[in-house]
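Student: attaching a predicted model along with its sequence, questions to come.
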Amino acid sequence: MPASKFLVGAVCAGLLVACSGHTDSSAKPLDITKVFTLRSTLEPNFHVTTIGPSAIDPKLLRSLAPSRETVDPAECQKHASGQILPPDLTGKMAVISADGQGDAFAVTAIESSGPLPHNFTIPENCRHVTFSGNVAGMDVSGTTDIVGAPKIDGAETVGMHIKSTIPTIPGMPRQTELYLYGAVLGNYAVEVSAGPRFDPNQPAAPIDTGRAQKLLTDAVAAIRS
(Lines give C-alpha, C1' and ligand atoms only; values in the text may rest on other atoms or scores of the structure.)
Protein backbone atom coordinates (compact mmCIF):
# COMPACT_ATOMS: atom_id res chain seq x y z
CA MET A 1 0.00 0.00 0.00
CA PRO A 2 1.42 3.43 -0.89
CA ALA A 3 2.51 5.40 2.15
CA SER A 4 0.12 8.27 1.43
CA LYS A 5 -2.94 5.98 1.32
CA PHE A 6 -1.92 4.31 4.58
CA LEU A 7 -1.54 7.71 6.22
CA VAL A 8 -5.03 8.77 5.16
CA GLY A 9 -6.54 5.71 6.85
CA ALA A 10 -4.38 6.05 9.93
CA VAL A 11 -5.27 9.64 10.58
CA CYS A 12 -9.00 8.98 10.16
CA ALA A 13 -8.78 6.04 12.53
CA GLY A 14 -6.75 7.86 15.15
CA LEU A 15 -8.66 11.13 15.00
CA LEU A 16 -9.46 13.18 18.08
CA VAL A 17 -7.71 11.62 21.02
CA ALA A 18 -6.96 14.92 22.74
CA CYS A 19 -7.98 18.43 21.84
CA SER A 20 -7.21 22.00 22.83
CA GLY A 21 -8.88 25.25 21.86
CA HIS A 22 -12.53 26.18 21.24
CA THR A 23 -14.92 24.61 18.76
CA ASP A 24 -16.13 26.88 15.96
CA SER A 25 -19.87 27.27 16.44
CA SER A 26 -20.34 29.35 13.29
CA ALA A 27 -22.98 28.12 10.85
CA LYS A 28 -21.01 29.45 7.89
CA PRO A 29 -20.48 26.62 5.36
CA LEU A 30 -16.86 25.73 4.67
CA ASP A 31 -15.44 24.49 1.37
CA ILE A 32 -13.41 21.31 1.85
CA THR A 33 -12.27 21.34 -1.79
CA LYS A 34 -10.08 24.34 -1.04
CA VAL A 35 -7.70 21.93 0.69
CA PHE A 36 -6.41 21.24 -2.82
CA THR A 37 -4.90 24.74 -2.90
CA LEU A 38 -2.15 23.45 -0.60
CA ARG A 39 -0.47 22.11 -3.76
CA SER A 40 0.88 25.61 -4.38
CA THR A 41 2.72 25.63 -1.03
CA LEU A 42 4.80 22.53 -1.86
CA GLU A 43 8.13 22.43 -3.64
CA PRO A 44 8.24 21.07 -7.21
CA ASN A 45 9.99 17.87 -6.10
CA PHE A 46 6.89 16.69 -4.21
CA HIS A 47 4.67 14.13 -5.91
CA VAL A 48 1.11 15.32 -5.24
CA THR A 49 -2.15 13.39 -5.68
CA THR A 50 -5.74 14.26 -4.79
CA ILE A 51 -8.89 12.30 -3.97
CA GLY A 52 -12.44 13.64 -4.20
CA PRO A 53 -14.42 15.42 -3.26
CA SER A 54 -16.32 12.21 -2.70
CA ALA A 55 -18.46 10.43 -0.15
CA ILE A 56 -16.65 9.53 3.07
CA ASP A 57 -15.02 6.16 2.54
CA PRO A 58 -16.26 3.76 5.29
CA LYS A 59 -12.94 1.86 5.09
CA LEU A 60 -11.21 4.94 6.48
CA LEU A 61 -13.41 4.82 9.58
CA ARG A 62 -12.19 1.40 10.65
CA SER A 63 -9.98 1.07 13.69
CA LEU A 64 -6.34 0.38 12.88
CA ALA A 65 -5.67 -0.61 16.48
CA PRO A 66 -4.40 -4.14 17.06
CA SER A 67 -7.07 -6.70 17.89
CA ARG A 68 -6.86 -8.20 21.38
CA GLU A 69 -4.86 -5.11 22.23
CA THR A 70 -3.08 -4.86 25.58
CA VAL A 71 -2.42 -1.35 26.86
CA ASP A 72 -0.30 -0.08 29.75
CA PRO A 73 -1.68 1.68 31.76
CA ALA A 74 -4.80 -0.44 31.25
CA GLU A 75 -7.17 2.44 31.97
CA CYS A 76 -5.77 4.32 28.95
CA GLN A 77 -7.21 1.94 26.33
CA LYS A 78 -9.18 4.57 24.40
CA HIS A 79 -6.23 6.95 24.36
CA ALA A 80 -3.89 4.33 22.88
CA SER A 81 -6.10 3.33 19.97
CA GLY A 82 -7.74 6.66 19.22
CA GLN A 83 -11.39 7.61 19.31
CA ILE A 84 -12.89 6.14 16.16
CA LEU A 85 -15.26 8.16 14.03
CA PRO A 86 -18.80 6.74 13.98
CA PRO A 87 -19.06 3.92 11.41
CA ASP A 88 -22.32 5.38 10.07
CA LEU A 89 -20.84 8.85 9.55
CA THR A 90 -21.95 10.35 6.25
CA GLY A 91 -20.71 13.34 4.37
CA LYS A 92 -17.89 14.29 2.02
CA MET A 93 -14.11 14.15 2.06
CA ALA A 94 -11.29 15.67 0.04
CA VAL A 95 -7.70 14.47 0.30
CA ILE A 96 -4.38 15.80 -0.93
CA SER A 97 -1.25 13.71 -0.40
CA ALA A 98 2.33 14.69 -1.01
CA ASP A 99 5.47 12.54 -1.06
CA GLY A 100 8.85 14.19 -1.12
CA GLN A 101 12.08 15.01 0.72
CA GLY A 102 11.93 11.67 2.51
CA ASP A 103 8.45 12.12 3.98
CA ALA A 104 4.85 11.28 3.08
CA PHE A 105 2.08 13.69 4.06
CA ALA A 106 -1.69 13.37 3.72
CA VAL A 107 -4.20 16.13 4.39
CA THR A 108 -7.86 15.15 4.66
CA ALA A 109 -10.76 17.59 4.91
CA ILE A 110 -14.09 16.16 6.05
CA GLU A 111 -17.58 17.62 5.95
CA SER A 112 -19.78 15.39 8.09
CA SER A 113 -23.50 15.02 8.55
CA GLY A 114 -23.27 16.08 12.20
CA PRO A 115 -20.86 17.37 14.84
CA LEU A 116 -17.72 15.26 15.05
CA PRO A 117 -17.06 13.51 18.39
CA HIS A 118 -13.97 14.41 20.38
CA ASN A 119 -12.51 13.88 23.82
CA PHE A 120 -10.18 16.55 25.14
CA THR A 121 -9.74 15.38 28.74
CA ILE A 122 -6.55 13.32 28.87
CA PRO A 123 -5.31 12.13 32.28
CA GLU A 124 -1.64 12.83 32.80
CA ASN A 125 -0.87 9.11 33.12
CA CYS A 126 -2.39 8.50 29.65
CA ARG A 127 -0.21 10.92 27.74
CA HIS A 128 2.27 8.09 27.15
CA VAL A 129 1.01 4.54 26.73
CA THR A 130 2.40 1.30 25.39
CA PHE A 131 0.37 -1.21 23.40
CA SER A 132 0.68 -4.66 21.88
CA GLY A 133 -1.67 -6.83 19.88
CA ASN A 134 -2.31 -8.49 16.55
CA VAL A 135 -2.89 -6.93 13.12
CA ALA A 136 -3.59 -9.20 10.14
CA GLY A 137 -1.97 -12.12 11.93
CA MET A 138 1.16 -10.18 12.92
CA ASP A 139 2.20 -9.26 16.43
CA VAL A 140 2.54 -5.50 16.77
CA SER A 141 3.81 -3.42 19.69
CA GLY A 142 4.53 0.25 20.21
CA THR A 143 3.82 3.50 22.00
CA THR A 144 1.37 6.37 21.65
CA ASP A 145 2.21 9.84 22.94
CA ILE A 146 0.10 12.96 23.09
CA VAL A 147 2.10 15.81 21.55
CA GLY A 148 1.57 19.50 21.04
CA ALA A 149 -0.58 20.72 18.16
CA PRO A 150 -1.02 24.18 16.68
CA LYS A 151 -3.59 26.36 18.41
CA ILE A 152 -6.21 27.50 15.91
CA ASP A 153 -8.84 30.05 16.83
CA GLY A 154 -12.33 28.54 16.77
CA ALA A 155 -11.11 24.94 16.45
CA GLU A 156 -10.21 21.99 18.63
CA THR A 157 -6.76 20.60 17.84
CA VAL A 158 -5.00 17.32 18.50
CA GLY A 159 -1.50 15.87 18.20
CA MET A 160 -0.32 12.26 18.45
CA HIS A 161 2.97 10.44 17.92
CA ILE A 162 2.75 6.69 17.28
CA LYS A 163 5.75 4.39 17.10
CA SER A 164 5.36 0.68 16.45
CA THR A 165 7.30 -2.45 15.60
CA ILE A 166 5.79 -4.60 12.85
CA PRO A 167 7.38 -7.90 11.78
CA THR A 168 8.05 -8.14 8.07
CA ILE A 169 10.64 -10.84 7.40
CA PRO A 170 11.03 -13.30 10.30
CA GLY A 171 13.72 -12.01 12.62
CA MET A 172 13.75 -8.57 10.94
CA PRO A 173 11.12 -6.36 12.59
CA ARG A 174 10.34 -3.03 10.94
CA GLN A 175 10.09 0.15 12.99
CA THR A 176 7.35 2.56 11.90
CA GLU A 177 6.60 6.08 13.05
CA LEU A 178 3.66 8.40 12.43
CA TYR A 179 2.62 11.87 13.55
CA LEU A 180 -1.07 12.80 13.44
CA TYR A 181 -2.50 16.31 13.76
CA GLY A 182 -6.17 17.23 13.57
CA ALA A 183 -8.53 20.17 13.90
CA VAL A 184 -12.28 19.96 14.51
CA LEU A 185 -14.65 22.76 13.52
CA GLY A 186 -18.16 21.59 14.35
CA ASN A 187 -19.28 19.42 11.42
CA TYR A 188 -15.89 19.80 9.74
CA ALA A 189 -12.46 18.35 10.40
CA VAL A 190 -9.01 18.67 8.91
CA GLU A 191 -6.45 15.93 9.51
CA VAL A 192 -2.77 15.78 8.66
CA SER A 193 -0.57 12.72 8.88
CA ALA A 194 3.18 12.61 8.42
CA GLY A 195 5.54 9.67 8.22
CA PRO A 196 8.77 8.65 6.53
CA ARG A 197 8.70 7.26 3.01
CA PHE A 198 9.73 3.62 3.02
CA ASP A 199 12.88 2.90 1.04
CA PRO A 200 14.52 -0.46 1.80
CA ASN A 201 17.86 0.90 0.64
CA GLN A 202 17.85 4.09 2.69
CA PRO A 203 17.50 4.94 6.40
CA ALA A 204 14.26 6.68 7.28
CA ALA A 205 14.46 10.47 7.10
CA PRO A 206 13.45 12.54 10.14
CA ILE A 207 9.77 13.47 9.98
CA ASP A 208 9.24 17.16 9.26
CA THR A 209 6.68 17.85 12.01
CA GLY A 210 6.98 21.60 11.42
CA ARG A 211 5.71 21.16 7.86
CA ALA A 212 2.94 18.86 9.07
CA GLN A 213 1.72 21.41 11.60
CA LYS A 214 1.85 24.20 9.03
CA LEU A 215 -0.18 22.04 6.63
CA LEU A 216 -2.83 21.79 9.35
CA THR A 217 -3.08 25.54 9.91
CA ASP A 218 -2.91 26.28 6.18
CA ALA A 219 -5.62 23.73 5.42
CA VAL A 220 -7.99 25.14 8.03
CA ALA A 221 -7.40 28.64 6.67
CA ALA A 222 -8.03 27.39 3.13
CA ILE A 223 -11.39 25.72 3.78
CA ARG A 224 -12.50 28.78 5.76
CA SER A 225 -11.56 31.21 2.99
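Tutor: Cool, the structure landed.
Student: just want to check the distance between Thr90 and Leu185.
Tutor: Note on Thr90: its distance to Leu185, by CB to CB, to the nearest Å, is 18 Å. Glycine gets a C-beta too; all of them are placed from N, C-alpha and C.
Student: so for those two, which residue has more residues nearby?
Tutor: Between Thr90 and Leu185, counting by other CB atoms under 10 Å, Leu185 is the more crowded of the two (24 against 12).
Student: mind checking pLDDT for that one?
Tutor: Predicted confidence (pLDDT) for Leu185: 87.
Student: repeat for the one 10 residues further on
Tutor: The per-residue pLDDT reported for Gly195 equals 90.
Student: what's in contact with stretch 140-147?
Tutor: 17-18, 66, 79-80, 122, 126-134, 159-166, 176, 179 (CB atoms under 8 Å, 6 or more residues apart in numbering).
Student: among those, which are in strands?
Tutor: Using DSSP state E to define strands, the subset of the contacts of stretch 140-147 located there is 128-134, 159-166, 176, 179.
Student: and these, which are buried?
Tutor: For these, a neighbour count by 16 or more other CB atoms under 10 Å gives the buried set as His128, Val129, Phe131, Ser132, Gly133, Gly159, Met160, His161, Ile162, Ser164, Thr176, Tyr179.
Student: closest one of those residues to Leu215?
Tutor: Tyr179 (11.0 Å; CB to CB).
Student: that closest one and Ile56, how far apart?
Tutor: 23 Å.
Student: of the buried ones among the ones in strands among the contacts of stretch 140-147, closest to Asp72?
Tutor: Val129 (6.5 Å).
Student: isn't the closest one right up against Val71?
Tutor: Yes - in this structure, Val129 is within contact of Val71 by CB atoms under 8 Å, at 5.6 Å.
Student: helix/strand/coil for Leu116?
Tutor: coil (DSSP: H, G, I helix; E, B strand; the rest coil).
Student: and the pLDDT for it?
Tutor: pLDDT for Leu116: 75.
Student: got it, and Arg224?
Tutor: At Arg224, pLDDT is 95.
Student: and it, backbone torsions?
Tutor: Here is the backbone geometry of Arg224 (degrees, to the nearest 10): phi -80, psi -20.
Student: which residue sits closest to it, ignoring its sequence neighbours?
Tutor: Once flanking residues are discounted, Arg224 sits nearest to Leu30: 5.9 Å by CB to CB, 6 or more residues apart in numbering.
Student: residue contacts, the one you found?
Tutor: So Leu30 contacts Glu111, Leu185, Tyr188, Ile223, Arg224 (CB under 8 Å, 6+ apart).
Student: restricted to strands, list those residues.
Tutor: Glu111, Leu185, Tyr188.
Student: which residues of this structure score low on pLDDT?
Tutor: 1-27, 58-69, 78-88, 117-121, 135-136, 167-173, 200 (pLDDT under 70).
Student: what segments of it are helices?
Tutor: 3-13, 77-81, 209-224 (DSSP state H).
Student: need the contact partners of the longest one.
Tutor: Okay, so that is helix 209-224. 30-32, 34-35, 37-38, 41, 103, 105, 107, 109, 149-150, 152, 155, 157, 179, 181-183, 185, 188, 190, 192-194.
Student: now stretch 97-106
Tutor: 3-5, 7-8, 11, 38-39, 42-43, 45-51, 95-96, 107, 191-197, 204-208, 211-212, 215.
Student: tell me the buried residues in it?
Tutor: Ser97, Ala98, Asp99, Gly100, Asp103, Ala104, Phe105, Ala106.
Student: farthest-apart pair in the residues you listed, please.
Tutor: Going by CB to CB, the pair spanning the buried residues of stretch 97-106 furthest: Gly100 and Ala106, at 12.7 Å.
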